[in-house]
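Peer 1: Predicted model and sequence follow; I will ask about them next.
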Amino acid sequence: MAASARSLSADERCTAVVSCFERFFGAPAGRPERYLEKLWAEEEWTRGCYGCYMPTGGWTAFGDALRAPIGPLHWAGAETATVSTGARG
């Protein structure tokens with residue numbers, strides 16, 4: 001979350017987000033049935049939702065290895081997904 005958003009109260013963030021949705025999607029988007037906010041950086045197991053950085057050739061050279069289970073441990077997330085909003089597998 002941007003530092004400027006972090007300094008706002010939860011109600012102020014809600015107002016800012018909903019008004020942004022209304023500007024982009026019209027008046028109905030300004031009247032949500034519910035508003036939920038999740039601070040992923042405060043989650044014990046995720047500690048945020050940060051993108052992965054791969055140097056040139058990283059995905060093509062090591063992509064399959066990123067997904068491979070190690071014993072009973074299986075990986076899940078944007079970096080290991082075969083289909084996501086940013087990639088088609």
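Peer 2: Cool, got the structure.

Peer 1: What residues does residue 47 make contact with?
Peer 2: Shown in contact with residue 47 (C-beta atoms under 8 Å, 6 or more residues apart in numbering): 40-41. C-beta here means a position set from N, CA and C on the backbone, and glycine is covered the same way.

Peer 1: Correction: the previous question concerned residue 75.
Peer 2: Residue 75 makes contacts with 66-67, 69, as judged by C-beta under 8 Å, 6+ apart.

Peer 1: check which helix or strand covers residue 64.
Peer 2: When elements are defined using DSSP states H and E, residue 64 is found to belong to helix 58-67.

Peer 1: what helices or strands is that helix leaning on?
Peer 2: For helix 58-67, the contact count by 3 or more C-beta pairs under 8 Å, 6 or more residues apart in numbering; DSSP states H and E identifies no helix or strand as a packing neighbour.

Peer 1: which parts of that helix are buried?
Peer 2: With burial defined by 16 or more other C-beta atoms under 10 Å, not one residue of helix 58-67 is counted as buried.

Peer 1: quick one: the helices in the chain?
Peer 2: Secondary structure of the chain by DSSP state H: the helices cover 3-6, 10-25, 58-67.

Peer 1: if I look at residue 11, how far off is residue 17?
Peer 2: According to C-beta to C-beta, to the nearest Å, residue 11 and residue 17 sit 11 Å apart.

Peer 1: neighbour count winner among the two?
Peer 2: Neighbour comparison, residue 11 and residue 17: the larger count goes to residue 17, with 14 against 9 (by other C-beta atoms under 10 Å).

Peer 1: Surely the more buried one and residue 32 touch.
Peer 2: No. With contact defined as C-beta atoms under 8 Å, residue 17 and residue 32 do not form a contacting pair (9.3 Å).

Peer 1: Surely residue 21 touches residue 29?
Peer 2: Yes. Using C-beta under 8 Å, residue 21 is in contact with residue 29, at 4.1 Å.
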